[in-house]
Structures are given as structure tokens and as C-alpha cells.
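Trainee: Here you go, sequence then predicted model.
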Amino acid sequence: MIDELRAALDSDRVMESKLELHLYGRDAGVYRGNPSVVAIPETTEEVVEIVKIAGRHEAPVVARGAGTGLAAGAVPTEGGVVLVTTRMNQIHEIDPVKRTAWVGPGVINLDLSHAAAPYGLYFAPDPSSQAACTVGGNIANNSGGPHCLAEGSTVNHVLALEVVLPDGTLEVIGSEAPDPIGLDLRGVMVGSEGTLGIVTRALVKLTPIAPDIRTLLCSFSSISDAAETVSGVIARGVVPAALEMMDQRIVEAVENWLHAGLPTHAAAILLAEVVGETAAVEAEADLIAEVARANKALEISVAAGEDERALLWKCRKSAFGAVAQAAPNYYLHDTVVPRTRLVETMNKVYEIGRRHDLLMMNVFHAGDGNLHPLMMFDASEPGMIEKVQAAADELVEVCVKAGGALSGEHGIGREKRDLMPLMFNTADLDAQARIKETFDPFGRFNPGKILPAGSRCFDQSGALPPGAWV
Amino acid sequence: MLRSERGPSTRGVGVTSIRAASARIARRLEAPTDVEHRHPASVEELAETLSQASSEGRTVLVWGGGTHQGYGYRVSPDLVVFTDGLATIVEWEPDDLTVVVEGGMTVAGLESRLATRGQTAVLAELPATGTVGGALAAGISAYRRGRFGPTRDRILEVTLVTGDGRVVRAGGRVVKNVTGYDLARLAVGSFGRLGVIVSACLKLWPLPQVSATVTLDGDLGNQVYRPLAVLEEARKSSVYLAGTEEEVAAQIARLPGESQPGLVWPELPSGPWTWSLRVPPATAVGFVSALPDDFVHQVGVGEISFTTEDTQGMEDLRTKVEAAGGSLVVTGRPPGGEFEPWGRPPAGIEIQSRLAAAFDPARILNPGRLPGRI
């Protein structure tokens, strides 16, 4: 297989040294895999070739962007070919009138927004890793980010996809026109974590930069007061562009690094942003301040200009880097709860940390109930990984019991695959498995992800007429 | 870009919601009466009905409000299954801006309940007599999608009863979720081919404090950031505004034209044949001039609804629309009227066909209704 791949690609884009296989056997999370080869295509045709070659050798194909994922979605847990899209990084076309862009899957999220900025446009999904992660990875995981509270996740910004399917065929699904006819294959492809198809080009929507913006920083003496403020703002009928919470430990770590003047004495801070017409942002900013005051905010300040605003967002988005001061390793979780259950869930999250004697930090998308508890640890301590895993499982269970979901934006991957039965029964999982089977009957693309083994097991014997296609 | 040069409006500003409502009711179709009718009162009863129909190979036509039955290839059913026995709000969390509603509830019924707490599911304003399940199955969006996006962006969870009577749920009751394949989104626009939508969790938005409709007598330009909608009709163009009092007042002051309070939606074009033209938004203006007078163009969205009996002319129009990357869809037709309802099937038709088979193996639920006779 490797020889065939070398013949199809330049040989320096087919890698098989021990070091290279090790590097591409992991993502930013804790799982490891052992690929047999790494292939780096530059064109759609090369992706088709790789898929066909792997298919002939019955080898799995695991698509990978920048490897910033945390749920092992791009980890080759069952070996095979790691197909790296980072060299497919051309912005093929930006159309400022249509407000769209055709991009390669390897284009870095922030590069696209920078390229669109001269036209007053940007790419709305803004995961914290946006300076490194790729649009292809965003599509695979249906990534969110702080600003998806009002703008929606990646799927809301994808119009059409050129995809290579597991049998090597190429299709362009979706349309620039609204409501394409037929089943929405584009919609189900987004968030499918490379298990249904490999995106080789994407037509994405670009969003106009708002005429005005206000960014508020509110601090509180308790997590509960901050969480009540979040619930209160939503309940008052305001959906801000972003509504982010950071707890004291995160604030201390970030402040220690960036010296941005964050209030380290507060138990929690809220970062709220509203965008739109000036009259609207003023009214909404006033309302947020009012709700924060009613929930005993210690201080409320508004970013004085673009520099101050940019600094606040830098603090938020670099939090995961800043925590390295606290411990050598962290396990970052991603779960969702209904916004009305934020306060009680946060209390339980800290309680789990205390019970397992783990340092727990929280920085998260409070406005949409998307929690990101960080458990800090030293992996070299014996038994530590098991302890962290036990606490993580408890966390997920608490969130699902509160009516929540396993993942808000990181994906299921390998990490949460076996937790799927917490949310779904046998018939539900079987339906999911049927979708996978429809696209990939031989299980070639990213096997062992999203669905636990045995999902396709629902038995409806006797209910079908003879000759029916099951 | 907006055409306002056609002279003064003859339809004027007096279009009331009552008149629009009566026009909508007239569009309802009646279910075929010469076959068996069922009105399942529970999900279990519906599942049993479909399981039995699957084992007997009896074709089922799913019927909500009858407002979108004009779409797609005709189905000759052995059985009509109505969703009116599944028509309640299952769970509503006003403080979380989510609602779980059964598919048989009417859009108007849901929206009026939600309005009591100042919320909206942003479902289609017209025709309000349709059901939530029907609007989802047909993939119909509100005019307000200009601000809030299409309906498929707001479905969070779905429960389907599949053709062979399995009850399957996907998604979750939270506003952000990537747990598993997005079957909820896939169900939107599926016209019942994957299953009957028995319930869905929808993301809600607060109703604005103030709204207004401005009939333009000049160029809209870039005057308004994200209006609810911009609708062009034959003799006028209107901008629909919503927000705080100050915001709406500021927008009205910048716009050339006459404003009136509230959202005054146009009547849907009505006639024996109705059509939905969908093209890339920036190209839509080029198609408007070729259309007869009774149309509504959702500016910036790329959809034009219109009526014409000139089916011959629609062949040519469809060729142009498809060349522009769009589709021309029949949304209503007279009894016995025949015209290819969808036009050229989309890409991935084989996968679409296999997906339908995975959810409806005996091929009994609205069979053949979708493009490619899936």
C-alpha cells in the first residue's frame, strides 16, 4: 500500500518513520493510535487516489486537520492511513457580494476571517483554537466557539461541500441556493467526524462585521451569582453574541501570564458581548449590567475600545495555554446542560473535583450551557489517569441527568463513544449506525468512532414483507 | 437592487393579517377520502400502525395540516395517517428558550402559546394552519430567516417513527450539541421518507419589543444591519424591522419610505399552480423580471414564491434556474395537473435512496415523493 501511495503522491508526502507515525497517531487529547502510514494530499484527486488505494488494501482512512481535536476524532485508533489535509489550504475564492468563500479543508479558521476582513466580512465559527484549527476540522466536528451563541455552530455556515465518499466517489452536496431539494446530506456530513466522507472543498458563508459592539466584563463573589446572571440574561430575552464564564483559578492563571488587569479577587467573571445597531447594543448592554447588578456583581466594566476588547478575548481564548502553570497535564471536558440547570450543575462539578481530590478549573460558554471543566493533574503520578477518567465519567453523567448532552462542540470521537448509551437507547443508536452504514458499508472511514460496538443491532424480525431491503 | 420604480403601490398598506389568513386557509388540501384514515392518539399507536403497514406492504400518506401536500411526486396511499392526535406541547422551558412540541400541533397554535411568554419558534408565518411536523418535513422557513436563519438551524432534537415502526430519537434538548449524527437536521425537508416526525425540540427566540414594516420608495442600500426580512413584490418592496424601540426608530429614520407598526406580511401568491424558485441570493434579482406580477421575493435569501399557469414557460425557466445552481419547485398544483415537481435530482441521489431504505425498508412512507422518486 505504501508503495502505491508513494506512486500516487510525491514520496515526501507519504511518511512512515517511527517518529512521524507517533506524531500523527495523536491529537490534542489523551488517546493514542498507531497509523501504518501518513499521507498528505494537496488536491482532491490525490484524496480520491488515497481513498481508493486504502480501500483496495482494506485499510482504514482517518482524516486529520491540524490535530487540535480533544475527543480523539482524528486519532487512528484502529491503524490505517492518516490523511492530513493541512496542505489543502487554499482559499479558492472569496465573493464579497455573495458573502461566500470556497476553501480547502486545510485553511486555518482565523486565516479565513483575516482574508475576508477587507470586505467587512468574517467566518463566524470561532473555536478557541481558531489560530491553529482548520475549517475542515471545524466541519468534521461542527465546531462552535464563544460566538456561536448567536451565530450558531459551523453547520449554520456551510452551504456546500465537495466530499470524497468511502468508495472513492466524489460528490458536491448542498447548494448556494436556499433549501436544496432532497435529503440534506450536507447537514448530516457536518459533524460526522470524518466517518461518512472527507471534505476536499467547502463553500462557507461569510458574515458581515456588525456596525457596533459592546464587550462587558462582570465579576462576582460566587460562581452561583455569575451563573444566575447568565440564566437571567437569557430569561430576559436577550441572546448576546457571546456569554463566557471564567472561574477564579482560570482568571488567576491567565492574569499571571497576560497581565491584563483581570479581577483575580473575584470568584468568577463573565465576559458578555453584544453586537448590532448602536441603539440595540446599548440597550442590551444596559440590560446585562442590570441583571448582573441584581445578582450582586462586584464590578461591571465595558471595554473602552478595540484594543481592550481584543485583550479580553485573548484572555478567554488562551486560557487553555495559561493553565500549564498549574499542572503538567489537563483533561478538558465538553458537555452541555440546559441553561436553567447551570447553577446546580456547576455546584456538582466542583463537588466531583473535591471528592476526587482534583484541581478543577472552569472556563466555558455559559450562554449556551456548554461546560468545559478542566481537571489538572500530573500524568506521571501512578493511578492518576484512572482517577481523572472516573471523575470525567461522573461529570458526564451529572450533565446528562440534568437533561444535557455528551458534547457541545468537541465531538464524540473515541473519547465519548462508549458513553453514547447514557443518552440514547438501542433503537436510537441503531438508527445512527444505519446512517454510518449507508455512507460507509465497509466501515473504512474513521472506524471505531462516535458509535459503540454493537450499535447496529436492532432486530425487527417478522415485521417486514419478503424481499424488503433491510 | 430593489425594484421600487414601478410606480405607486396598488395593493397598498392595508393588507391585514386576517385577509392573509383566509388566503392561507384556501390553500389547504383535503386528504383522499376513498382510503382508510387513521388518527393515532399516541406514539405507540402510530408505531404499531406503521409496523403493521410495513409488514402488509401498505402505502401510507402522512397528513398534517394539508398545507404542503402540493410538493413532490404524488403518492397513491392505501392508508392516510393523520398527526392530529399528536398535537401537544410536551415540554416548554421559557427560561431556556427551548420547546418540545408534537408534530401534529399547528404552527399557529404553537406560536400563539409561545407568544404568551414573549417567545417565537420562528416557524413560517404562512401558512399558519400547517402543522409543526409538516413545516419541518417540508423544510419550510419563515420570512424572518433573514435574521434568524432557516428552520433547520433551529431543530435541536427529533423523535421519528420510522417506516417499520421503530421510535428513534436524535439530538438533545440543549441549544448546542454535537452528540452523534444530525438526524434532526436530516429530517427537515425529508417529506416523511425517514419517518413521521412525532416530536421535535426547537430553539426559541425572544419576540422583539417593537417591530415595524417600511415600504420602501428608494434604495435600501446598506442602511439596516440584519433586518428580519426584505420582501420584494411586484409593486413594492418592504423591509421588516424588529428590536428595541430606539433601534427600530433609528432604522426607520434612515430608510426612505413609509413605515407602519407591526409586521405586515404579504399574502402568499395563490392560484392553481404555485412555485418556489430557489437560486443563489445574489442572482435572484435576474430572475424577478421574468416573473408574472404575483410573486414574493425574499431578498438576500434567494427564494421567490410565485404563481403562474404558464407551465410551458416553467420548463424554460427551470433550465435557467438549474444552470444558476438552483431549483424550481412545484409547491401547489391543480387536481390532475402534471408537471415534474422537482426538476433535476440533486447530487448523492443514490445515498439518499439508501438512507430512505434504512429508515423505511418496506418503502411504505410517502414512497417516491422526493427528488429522484426516492
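Mentor: Everything's here; your move.
Trainee: For the rest of this, base every contact and every neighbour count on C-alpha atoms.
Mentor: Noted.
Trainee: Show me what secondary structure element comes after the least confident helix or strand in chain A by mean pLDDT.
Mentor: Within chain A, confidence by mean pLDDT, DSSP states H and E is lowest for helix A:319-322 among all helices and strands, at a mean of 85. Downstream of helix A:319-322, the first helix or strand assigned by DSSP states H and E is strand A:329-332.
Trainee: neighbouring contacts of that next one?
Mentor: A:Gly29, A:Val30, A:Leu70, A:His372, A:Pro373, A:Leu374, A:Met375, A:Met376, A:Phe377, A:Asp378, A:Ala379, A:Val388 (Cα atoms under 8 Å, 6 or more residues apart in numbering or on different chains).
Trainee: filter those to the buried ones?
Mentor: A:Gly29, A:Val30, A:Leu70, A:His372, A:Pro373, A:Leu374, A:Met375, A:Met376, A:Phe377, A:Val388 (16 or more other Cα atoms under 10 Å in any protein chain shown).
Trainee: Need the residues you listed in CSV (columns: secondary structure).
Mentor: Formatted as CSV, those follow (DSSP: H, G, I helix; E, B strand; the rest coil):
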residue, secondary structure
A:Gly29, coil
A:Val30, coil
A:Leu70, coil
A:His372, coil
A:Pro373, strand
A:Leu374, strand
A:Met375, strand
A:Met376, strand
A:Phe377, strand
A:Val388, helix
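Trainee: Those also near chain B: which ones?
Mentor: Among the buried ones among the contacts of strand A:329-332, no residue sits close to chain B (Cα under 8 Å from any Cα of the partner chain).
Trainee: Pick the one among those residues closest to B:Val75.
Mentor: A:Leu70 (46.9 Å; Cα to Cα).
Trainee: From chain B, how far out is the closest residue to the closest one other than its chain neighbours?
Mentor: Leaving aside its sequence neighbours, A:Leu70 sits nearest to A:Gly29 (Cα to Cα, 6 or more residues apart in numbering or on different chains; 4.2 Å). Remark: distance between A:Gly29 and chain B (Cα to the nearest Cα, to the nearest Å) = 17 Å.
Trainee: Residues of the stretch 151-300 of chain B that sit close to chain A?
Mentor: Residues of the stretch 151-300 of chain B lying near chain A (Cα under 8 Å from any Cα): B:153, B:164, B:166-170, B:172-183, B:185-190, B:205-207, B:225, B:243-244, B:246-247, B:250, B:278-282.
Trainee: Distance check, A:Glu42 against A:Ile198.
Mentor: Counting by Cα to Cα, to the nearest Å, the gap between A:Glu42 and A:Ile198 amounts to 13 Å.
Trainee: more crowded one of those two?
Mentor: A:Ile198 (32 against 21; other Cα atoms under 10 Å in any protein chain shown).
Trainee: Can you list the low-confidence ranges for the stretch 351-470 of chain A?
Mentor: Within the stretch 351-470 of chain A, the stretches with pLDDT under 70 are A:458-470.
Trainee: Recalculate using a threshold of 80.
Mentor: A:457-470 (pLDDT under 80).
Trainee: what sits against the closest residue to chain B within it?
Mentor: The minimum distance from the stretch 351-470 of chain A to chain B, using Cα to the nearest Cα, falls at A:Gly408 (4.1 Å). Each residue near A:Gly408 by Cα under 8 Å, 6+ apart is listed here: A:Gly144, A:Asp334, A:Thr335, A:Val336, A:Asn370, B:Lys176, B:Asn177, B:Val178, B:Thr179.
Trainee: Spatially, and excluding backbone neighbours, which residue is closest to it.
Mentor: B:Asn177 (4.1 Å).
Trainee: At which residues are the strands of the stretch 301-450 of chain A located?
Mentor: A:329-332, A:335-336, A:359-364, A:370-371, A:373-377 (DSSP state E, counting those that start in this stretch).
Trainee: To A:Pro441, which of those strands lies closest?
Mentor: The nearest among those, by Cα to Cα, is strand A:335-336 at 30.2 Å.
Trainee: ok, back up a step: show me what the least confident helix or strand of chain A packs onto, helices and strands only.
Mentor: helix A:248-258 (3 or more Cα pairs under 8 Å, 6 or more residues apart in numbering or on different chains; DSSP states H and E).
Trainee: how about the residues of the stretch 301-450 of chain A near chain B?
Mentor: A:336-340, A:368-370, A:403-412, A:420, A:424, A:427-428, A:431-432, A:434-435, A:438-439, A:450.
Trainee: Now, those that are in helices?
Mentor: A:Met420, A:Ala427, A:Asp428, A:Ala431, A:Gln432, A:Arg434, A:Ile435, A:Thr438, A:Phe439 (DSSP state H).
Trainee: Next up, the contacts around A:Met1.
Mentor: A:Ile53, A:Ala54, A:His57.
Trainee: filter the residues you listed down to the ones close to chain B.
Mentor: Counting by Cα under 8 Å from any Cα, no member of the contacts of A:Met1 reaches chain B.
Trainee: What subset of those is buried?
Mentor: Buried members of the contacts of A:Met1, counted by 16+ other Cα under 10 Å: A:Ile53, A:Ala54.
Trainee: Turn the contacts of A:Met1 into TSV, including distance to A:Leu395, secondary structure and pLDDT.
Mentor: As requested, the contacts of A:Met1 are exported to TSV (distance: Cα to Cα, whole Å; DSSP: H, G, I helix; E, B strand; the rest coil; pLDDT from 0 to 100):
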residue	distance to A:Leu395	secondary structure	pLDDT
A:Ile53	42	helix	98
A:Ala54	38	helix	98
A:His57	41	coil	97
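Trainee: can you put the contacts of A:Met1 in TSV and add distance to B:Arg373?
Mentor: TSV is the format used below for the contacts of A:Met1 (distance: Cα to Cα, whole Å):
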residue	distance to B:Arg373
A:Ile53	34
A:Ala54	34
A:His57	36
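Trainee: quick one: the closest residue to A:Thr68 other than its chain neighbours and chain B, what's the gap?
Mentor: Take A:Thr68 and drop its neighbours on the chain: the residue closest to it by Cα to Cα, 6+ apart is A:Ala28, 5.0 Å away. According to Cα to the nearest Cα, A:Ala28 and chain B sit 18 Å apart.
Trainee: ok, now which ones touch A:Ala28?
Mentor: So A:Ala28 contacts A:Gly67, A:Thr68, A:Gly69, A:Leu70, A:Ala72 (Cα under 8 Å, 6+ apart).
Trainee: among those, who's most crowded?
Mentor: Result: A:Ala72 is most packed of these (other Cα under 10 Å), 28 neighbours.
Trainee: give the contact list for A:Ala267.
Mentor: By Cα under 8 Å, 6+ apart, the neighbours of A:Ala267 are A:Ser219, A:Phe220, A:Ser221, A:Ser222, A:Ile223, A:Asp247, A:Gln248.
Trainee: wait, A:Lys205
Mentor: A:Arg99, A:Thr100, A:Ala101, A:Phe123, A:His157, A:Val158, A:Leu159.
Trainee: Look up how far A:Ala124 lies from the fifth one.
Mentor: This means A:His157. 7 Å.
Trainee: Those two: who's more crowded?
Mentor: More neighbours surround A:Ala124 than the other of A:His157 and A:Ala124, with 27 against 21 (other Cα under 10 Å).
Trainee: quick one: that one is in a strand?
Mentor: No: with three-state DSSP as the criterion, A:Ala124 is located in coil rather than a strand.
Trainee: who's in contact with it?
Mentor: A:His147, A:Cys148, A:Glu151, A:Thr154, A:His157, A:Leu206, A:Thr207.
Trainee: Name the nearest residue to A:Pro263, ignoring sequence neighbours.
Mentor: A:Ser219 (7.1 Å).
Trainee: ok, and what's touching the strand or helix carrying that neighbour?
Mentor: In this structure, A:Ser219 is located in strand A:212-220 according to DSSP H and E. Here strand A:212-220 makes contact (Cα under 8 Å, 6+ apart) with A:226, A:263, A:266-278, A:281-282, A:285, A:289, A:292, A:296-303, A:309.
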